[in-house]
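> Got a sequence here, can you model it:
(2 chains)
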Amino acid sequence: AQTVTQSQPEMSVQEAETVTLSCTYDTSESDYYLFWYKQPPSRQMILVIRQEAYKQQNATENRFSVNFQKAAKSFSLKISDSQLGDAAMYFCAYRRGRTSGSRLTFGEGTQLTVNP
Amino acid sequence: GAVVSQHPSRVICKSGTSVKIECRSLDFQATTMFWYRQFPKKSLMLMATSNEGSKATYEQGVEKDKFLINHASLTLSTLTVTSAHPEDSSFYICSARDARQVIGSQHFGDGTRLSIL
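Numbering: from 1, shown residues only, chains lettered A, B, ... in the order given. I've put the predicted structure just below:
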């Protein structure tokens, strides 16, 4: 079974600084997808960034980027120029393959605090 | 972008009541929808996978007679918490994936906060 581990229950960063959230996963599959979701206090789940395992290039979305190390099964999220609105719970997630019925497996989450 | 509507957003009811939560994909068809439960400051726990036109697949430990799921159309799945008790109080979230997209992401509803008195 696939597992996703986020070893940092809480992280904090100063506004305008950079922070990296860690995520590791375990799978025997070769075709899979990795995601970072943000859940602010409103509890809405917001997709931050997505990485296809077959792509070697790290995904980037504006201030958000990932460091995908497939051999090490590591998928960290870097937030640059942190803003107060980035404060939220961040979940790393894994999905196997390309079938529409594939489930997401979530990590336990990292609570990010942004200090002004 | 793809939108999933979940209703109601908040429910407060007495113990023994059955509560129905709806999850609708507004601008895409979803052959598969997912139902999650989330406790405060915890991760999302998958309860069941809802398949259009067939029976839902429940995760281990989830009572299918307690949490009834119906996915009668390509845009609507419902979760009914039958004879709810205080221990069923939680945050429930649905998600759906656009069946047309090979590598599409799951789109989440805004969740339902269920409080059983």
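> Up against chain B, what does chain A have?
Proximity of chain A to chain B, by Cβ under 8 Å from any Cβ of the partner chain, involves residues A:33, A:35, A:42-45, A:47, A:50, A:52, A:89, A:91, A:95, A:98, A:100-101, A:103-104, A:106-109, A:111. For glycine as for every other residue, the C-beta is placed from the backbone atoms N, C-alpha and C.
> quick one: low-confidence parts of chain A?
A:98-101 (pLDDT under 70).
> In it, which residue is most central in space?
By Cα atoms, centre = their mean, the mean C-alpha position of chain A lies nearest to residue A:36, the distance being 3.0 Å.
> Smallest gap between chain B and chain A, at which residue?
The nearest approach of chain B to chain A comes at residue B:108, 3.8 Å away (Cβ to the nearest Cβ).
> Next, count neighbours for that residue.
For residue B:108, the neighbour count with other Cβ atoms under 10 Å in any protein chain shown is 24.
> Look up how far residue A:89 lies from it.
Using Cβ to Cβ, to the nearest Å, one gets 13 Å for the distance from residue B:108 to residue A:89.
> Correct me if wrong, but residue A:85 is in a helix.
Yes - under DSSP: H, G, I helix; E, B strand; the rest coil, residue A:85 sits within a helix.
> give the contact list for it.
The neighbours of residue A:85, taking Cβ atoms under 8 Å, 6 or more residues apart in numbering or on different chains as the test, are A:40, A:114.
> Same check on residue A:16?
Residue A:16 makes contacts with A:81-82, as judged by Cβ under 8 Å, 6+ apart.
> partners of the helix or strand of chain B at the bottom of the mean pLDDT ranking, with directions?
Within chain B, no helix or strand scores below strand B:106-108, which has a mean of 89 by mean pLDDT, DSSP states H and E. In the sheet, strand B:106-108 lines up against strand B:90-97 (antiparallel) (DSSP bridges).
> Now do whichever helix or strand residue B:115 is part of: which elements does it pack against?
Assessed by DSSP states H and E, residue B:115 sits inside strand B:112-116. Counting contacts by 3 or more Cβ pairs under 8 Å, 6 or more residues apart in numbering or on different chains; DSSP states H and E, strand B:112-116 is packed against strand B:10-13, strand B:19-25, strand B:90-97.
> got a markdown table for these, with mean pLDDT too?
Putting the helices and strands packed on strand B:112-116 into a markdown table (pLDDT from 0 to 100) gives the following:
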| stretch | mean pLDDT |
| --- | --- |
| strand B:10-13 | 96 |
| strand B:19-25 | 96 |
| strand B:90-97 | 94 |
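> Could you export those strands as TSV, including mean neighbour count?
Listed next are these as TSV, based on neighbours: other Cβ atoms under 10 Å in any protein chain shown:
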stretch	mean neighbour count
strand B:10-13	13
strand B:19-25	21
strand B:90-97	25
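> got JSON lines for those, with distance to residue A:74 too?
Listed next are these as JSON lines, based on distance: least, Cβ to Cβ, whole Å:
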{"stretch": "strand B:10-13", "distance to residue A:74": "38"}
{"stretch": "strand B:19-25", "distance to residue A:74": "33"}
{"stretch": "strand B:90-97", "distance to residue A:74": "25"}
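> sorry, back to before: contacts only, for the residue nearest to the centre of chain A.
Applying Cβ under 8 Å, 6+ apart to residue A:36 gives the contacts A:21, A:23, A:47-50, A:64, A:66, A:75, A:77, A:90-93.
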